[in-house]
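**Student:** how does the following fold in three dimensions:
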Amino acid sequence: MQMQSFPTRYRISLLLVSLLIFCTGRLHSQALPTASKNTEYSVFGAYSLVSPDNLNATLNSGVTFGADYTHMFGNFALSVEPRVTFAPGNTVGERTFGGGLRFEYRIKRLIPYVDYVVSYGVITFTHPTDPTYTRDDAYVRSPGIGLDYYLTPRWAVRADYQFEHWTIVPGDTFNPDALSFGVVYRIPFKPYVHY
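**Tutor:** Below you'll find the model as predicted:
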């Protein structure tokens, strides 16, 4: 299959939003309530645009949901993140269910990150050339980057990009990519009190 990636305007828009947020100046309030001094939990939801690796396919609109268990090491943090994506389409539909690790660096309210997600993926064909071949499943590896910006101590907006590598069978792979925009909610926990 031939790779169809996001149009340049989406990539430029993500870069401009990132620069705008980064250049907003110093912010003085604490944006990081936590379950303890070093750990926190959050959930997220996003609208996703998935570009299937298919010459005739258009961008699919979908949703992505997930959660994070995060442990902080100063300004650095490591998260374990389960996530699911549903992106039906007119030609090709995709669903992924998986999880991985996320590494982030905190600059006040701004949190850029990189992640690596491993998933089970299902691809469906709306107009298959072979009527008996309407779906397939795959092992999906997905490196990605993203940016969270905390508007309040608990709520953030997120921009997330994932490059997916689907392996249907050895030697038969394809590479869709996904761009998501959504919100993050940091779950407020009271500090643990030892009696």
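
**Student:** so what's the closest residue in space to residue 109 that isn't next to it in sequence bridging to?
**Tutor:** Residue nearest to residue 109 in three dimensions, not counting chain neighbours: residue 150, with 4.1 Å by C-beta to C-beta, 6 or more residues apart in numbering. Using the backbone N, CA and C atoms, a C-beta is placed for each residue, glycine as well. With DSSP bridges as the criterion, residue 150 is bridged to residue 156.

**Student:** and residue 150, what's its pLDDT?
**Tutor:** According to the prediction, residue 150 has pLDDT 95.

**Student:** and for residue 122?
**Tutor:** Residue-level pLDDT assigned to residue 122 equals 93.

**Student:** repeat that for residue 139.
**Tutor:** 91.

**Student:** that one is in contact with residue 117, isn't it?
**Tutor:** No - between residue 139 and residue 117 there is no contact under C-beta atoms under 8 Å: 11.8 Å.

**Student:** comparing the two, which residue is more hemmed in?
**Tutor:** residue 117 (22 against 15; other C-beta atoms under 10 Å).

**Student:** isn't that one up against residue 98?
**Tutor:** Yes - applying C-beta under 8 Å, one finds residue 117 in contact with residue 98, separated by 5.4 Å.

**Student:** helices of the protein, start to end?
**Tutor:** Along the chain, the stretches classed as helices by DSSP state H are 8-22.

**Student:** show me where it dips below the pLDDT cut-off.
**Tutor:** By pLDDT under 70, the low-scoring segments of the chain are 1-37, 54-57, 190-195.

**Student:** all strands for it, in order.
**Tutor:** Applying DSSP state E to the chain gives strands spanning 39-51, 60-73, 76-87, 92-105, 110-125, 135-150, 155-163, 165-169, 172-174, 177-186.

**Student:** what inclination does the second one have with respect to strand 155-163?
**Tutor:** For strand 60-73 against strand 155-163, the angle between stretch directions is 110 degrees (axes from the mean of the first three to the mean of the last three C-alpha atoms, to 10 degrees).
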